[in-house]
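K.L.:
I'll drop the sequence and a predicted model, then ask my questions.
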There are 2 protein chains.
Amino acid sequence: MEMDQLTERQKDVLDAALALMMEAGDQLTMAGVARRASCSKETLYKWFGDRDGLLTATVQWQASKVRVGPVDRARLDLAGLTSALKGFAADWLRVVSSPTSIALNRLAVAHAGSDKPGLGAIVLENGRFALARRLKPVLEAGREKGLLVLDDAEAAFRTFFGLVARDVQMRLLLGDRMKLTEAEIAGDAAEATRQFLALYGAPNRPAQSGH
Amino acid sequence: MEMDQLTERQKDVLDAALALMMEAGDQLTMAGVARRASCSKETLYKWFGDRDGLLTATVQWQASKVRVGPVDRARLDLAGLTSALKGFAADWLRVVSSPTSIALNRLAVAHAGSDKPGLGAIVLENGRFALARRLKPVLEAGREKGLLVLDDAEAAFRTFFGLVARDVQMRLLLGDRMKLTEAEIAGDAAEATRQFLALYGAPNRPAQSGH
DNA sequence: CCGGAACAGTACCGTAACGTACGGTACTAA
DNA sequence: TTAGTACCGTACGTTACGGTACTGTTCCGG
């Protein structure tokens, strides 16, 4: 979705909505957003149509902020692949443990309970599926270079995803106060990468053993 | 929580609440439950105090229904361990993909957004943590028998959890219409078990290779 | 100087849901 | 028979929120 057509003022309003849903997700009311953004409710309805429009625009606005560029698959040795995987893992852990992501996912999960699948699909598309689109070329490049042994990039991605995420996101969404320091994120990312390479790495070069 | 103090009639009411939140999670209103259960709102408030009390009782009632017995760790060879792990994995996939679990987790996630952590903690306690309590003795028995190599049962459990769950629960909660047939559940459970044993199995007996 | 667009602020309306109160009914025990 | 209990069904008060309309102010082009 094109975010260029958003006025600076409109972006400020959406940022206010984001801040509000972070500190009190269930209190994301139209009057609350208007008060927080110092704008009138009528303006909100003129700009975004209705409450769902505001929510959708907010989710897409946040998604447009975290978009990153692809990885260059040109030169890719084992060290580069390992480093790339660690980077993806750490990025993902940072994202899902951020207050913004937690609030957004809470909203989208609650919204998916209703009939309209809008927000859930958007969050999924810009979260898990975007990660898959970025990571799968790396996996396939690793296979072409003989670094990885896999016949289904999707299955390999889901394994990597599981090794990285484990129970973190669900625990956070359910209110578990987990501490995720930067050191732990780095350690978990390295461990997940090590395990993934143990499962999918080419066997000719045995990855460093001993966990 | 003791569920023995619940009248048969009260259990029927909670079942009605469960059914209602499964087919329309956001429409779980007191009047709706009363209508569905053919009881009066006054009775609901007399029995459960307020809306949160009803929700809590409903979640605990569902949790009390899925509780299962522990596994006997007496005789445990590699085949038994593999079978036990596959059973845990398939059970978990069946649970998280069930409409009941989806509705319950939606409710709990939305509820955790507010100040009270009640429902989220209950769901977490009877879901992920209950699974860990049941699985960790099996893992430690496997270590004592020399079948598994692990120094941290919690870390090993979380790896197993990740290999099994991957992105399934989040996708379902976000409204992704995933088909999870019994055959796929069995296949995924077997694959997760195979990968887990590849990571944590004792190396002296090389597990059957070829993915 | 003037007219209109854009917008903040606020008052207002309709609806939905929580929680309470009350009448009516069936059952039990003295 | 009568008092008491438990409960259903429903009507009611209250609050909260989505959405609309109105007023005043600022700014901009002519």
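P.N.:
Arrived safely, thanks for sending.
K.L.:
Phi, psi for residue A:178 please.
P.N.:
Taking degrees, to the nearest 10, you get phi -90, psi 140 for the backbone angles of residue A:178.
K.L.:
Retrieve the pLDDT associated with it.
P.N.:
Residue A:178 is assigned 93 on the pLDDT scale.
K.L.:
Next one: it from chain B, what distance?
P.N.:
11 Å (C-beta to the nearest C-beta, to the nearest Å). To be clear about C-beta, it is placed using only N, CA and C from the backbone, and glycine gets the same treatment.
K.L.:
Where does pLDDT dip in chain A?
P.N.:
A:1-4, A:69, A:73-74, A:204-211 (pLDDT under 70).
K.L.:
Enumerate the residues of it near chain B.
P.N.:
A:25-26, A:103, A:105-110, A:112-114, A:117, A:120-121, A:123-124, A:128, A:149, A:158-159, A:161-167, A:169-171, A:173-176, A:195, A:198-199 (C-beta under 8 Å from any C-beta of the partner chain).
K.L.:
I'd like to know which of the residues you listed are buried.
P.N.:
Burial by neighbour count, judged by 16 or more other C-beta atoms under 10 Å in any protein chain shown, picks out A:25, A:103, A:105-110, A:112-114, A:117, A:120-121, A:123-124, A:128, A:158-159, A:161-167, A:169-171, A:173-176, A:195, A:198-199 from these.
K.L.:
Which of the residues of chain A next to chain B fall within helices?
P.N.:
A:103, A:105-110, A:112, A:120-121, A:123-124, A:128, A:158-159, A:161-165, A:169-171, A:173, A:195, A:198-199 (DSSP state H).
K.L.:
thought residue A:198 was touching residue B:198?
P.N.:
Yes - counting by C-beta atoms under 8 Å, residue A:198 does reach residue B:198; the two are 7.0 Å apart.
K.L.:
Phi, psi for the most centrally placed residue in chain A please.
P.N.:
Chain A has residue A:127 as the residue nearest its centroid, 3.8 Å off, counting by C-alpha atoms, centre = their mean. Per-residue torsions, residue A:127: phi -110, psi -90 (degrees, to the nearest 10).
K.L.:
contacting residues around it?
P.N.:
A:95, A:101, A:105 (C-beta atoms under 8 Å, 6 or more residues apart in numbering or on different chains).
K.L.:
and which of those residues is nearest chain B?
P.N.:
Minimum distance to chain B across those is 7.6 Å, recorded for residue A:105 (C-beta to the nearest C-beta).
K.L.:
That closest one contacts residue A:123, correct?
P.N.:
Yes - under the criterion of C-beta under 8 Å, residue A:105 makes contact with residue A:123 at 6.2 Å.
K.L.:
Identify the contacts common to these two.
P.N.:
Taking C-beta under 8 Å, 6+ apart as the criterion, residue A:105 and residue A:123 both touch residue B:174.
K.L.:
Now for the nearest residue to residue A:76 once chain neighbours are set aside, how many residues are close by?
P.N.:
Excluding the flanking residues, the one nearest residue A:76 by C-beta to C-beta, 6 or more residues apart in numbering or on different chains is residue A:141, at 5.2 Å. Number of residues near residue A:141 (other C-beta atoms under 10 Å in any protein chain shown) recorded here: 20.
K.L.:
and the gap between residue A:141 and residue B:147?
P.N.:
Residue A:141 is 36 Å from residue B:147, where distance means C-beta to C-beta, to the nearest Å.
K.L.:
again with residue A:45
P.N.:
63 Å.
K.L.:
now residue A:36
P.N.:
With C-beta to C-beta as the criterion, residue A:36 and residue B:147 are 57 Å apart.
K.L.:
Could you check which of the two has the larger neighbour count?
P.N.:
residue B:147 (21 against 16).
K.L.:
show me what contacts the more buried one?
P.N.:
B:76-78, B:81, B:201-202.
K.L.:
Now which of those would you call buried?
P.N.:
For those, buried by 16+ other C-beta under 10 Å: B:76, B:78, B:81, B:201-202.
K.L.:
Helices along chain A, start to end?
P.N.:
So, for chain A - with DSSP H - the helices run A:8-23, A:30-37, A:41-48, A:51-66, A:78-96, A:99-112, A:118-126, A:128-144, A:153-165, A:168-173, A:182-200.
K.L.:
Can you lay out these as JSON lines showing distance to residue B:51?
P.N.:
JSON lines is the format used below for those (distance: least, C-beta to C-beta, whole Å):
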{"stretch": "helix A:8-23", "distance to residue B:51": "22"}
{"stretch": "helix A:30-37", "distance to residue B:51": "22"}
{"stretch": "helix A:41-48", "distance to residue B:51": "28"}
{"stretch": "helix A:51-66", "distance to residue B:51": "22"}
{"stretch": "helix A:78-96", "distance to residue B:51": "30"}
{"stretch": "helix A:99-112", "distance to residue B:51": "16"}
{"stretch": "helix A:118-126", "distance to residue B:51": "24"}
{"stretch": "helix A:128-144", "distance to residue B:51": "33"}
{"stretch": "helix A:153-165", "distance to residue B:51": "32"}
{"stretch": "helix A:168-173", "distance to residue B:51": "21"}
{"stretch": "helix A:182-200", "distance to residue B:51": "37"}
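K.L.:
I appreciate the help and will end here.
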